[in-house]
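J.: coords below, sequence missing:
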């Protein structure tokens, strides 16, 4: 199976970051790697895709991928890789590189969960952030409103005018650096792959906007790493036929969803992945996968 991770953070990360379900501590991630190495042969994404269908279904092989790829995640994963090297693919959103603006969902998480603000006012609504329940409600409501606007990136840009994320919090959220990208390009254990420019919901965009998000991201990452960018992960796992055509035309070898929509016969552009979050969550999925009860990668 292909595992989809997001954030790995040190123990001193702010509580709001650690609260998010897609975030793991270094210790939890190290335990998961130990479990995965005992259970599977860990392959690079390229080697995994070269397996036959029967080999992929055997339950003997796995590949590790990360979406979004923050600076702090790279630091944490790199430390563990040096102790016992294993291949990893990092899908990178290029606008976040070198301290660029956070992609819009990460920004909402930061302003709602990190206890930076006592309250938020936006779009005629006032949100109190006095406790975990109210913070969750504020984040979920703002997320819904952003999506309903059909342009969540612009919606959240309006919030940034009044609510800035302070540096003490930003250092845990900011994207990968150019130096890290160059180092990953030189490392035989890592692969840098595409995740669009701004992390939009691709089906909300027109065909030309989708092309810009995907192609400019690919070109940017190739310039930074000096290597070909072969793979694409659709933000939020969401895509349509236009997205697939753009990815194919751009020269990607494969593209990754979460739950495939099966829009084409060519499944290499709708590859499924398994979300890897808490240790209990991952252990359950591994057991189901090993015994043939979990939907396996085709």
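T.: Sure thing, it's come through. Treat the numbers as computed from the prediction; the structure is a model and nothing was measured.

J.: The helix ranked longest in the chain: which residues count as buried?
T.: Taking DSSP state H as the criterion, the chain has its longest helix at helix 207-225. For helix 207-225, burial by neighbour count (16 or more other Cβ atoms under 10 Å) applies to 210-218, 220-221, 224-225. Placement of C-beta: from N, CA and C, glycine included.

J.: Now render those as JSON lines, adding pLDDT and distance to residue 122.
T.: Shown next, in JSON lines, are these (pLDDT from 0 to 100; distance: Cβ to Cβ, whole Å):
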{"residue": "210", "pLDDT": "97", "distance to residue 122": "28"}
{"residue": "211", "pLDDT": "97", "distance to residue 122": "31"}
{"residue": "212", "pLDDT": "97", "distance to residue 122": "28"}
{"residue": "213", "pLDDT": "98", "distance to residue 122": "25"}
{"residue": "214", "pLDDT": "98", "distance to residue 122": "30"}
{"residue": "215", "pLDDT": "98", "distance to residue 122": "33"}
{"residue": "216", "pLDDT": "98", "distance to residue 122": "29"}
{"residue": "217", "pLDDT": "98", "distance to residue 122": "29"}
{"residue": "218", "pLDDT": "98", "distance to residue 122": "34"}
{"residue": "220", "pLDDT": "97", "distance to residue 122": "31"}
{"residue": "221", "pLDDT": "97", "distance to residue 122": "33"}
{"residue": "224", "pLDDT": "95", "distance to residue 122": "34"}
{"residue": "225", "pLDDT": "95", "distance to residue 122": "38"}
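
J.: Pull the contacting residues for the residue nearest to residue 257 when sequence neighbours are not counted.
T.: Leaving aside its sequence neighbours, residue 257 sits nearest to residue 237 (Cβ to Cβ, 6 or more residues apart in numbering; 4.6 Å). Going by Cβ atoms under 8 Å, 6 or more residues apart in numbering, residue 237 touches 256, 257, 258, 259, 273.

J.: Kindly calculate the angle that the helix or strand where residue 245 lies makes with helix 207-225.
T.: Taking DSSP states H and E as the criterion, residue 245 maps to helix 241-249. Between helix 241-249 and helix 207-225, the angle comes out at 40 degrees (axes from the mean of the first three to the mean of the last three Cα atoms, to 10 degrees).
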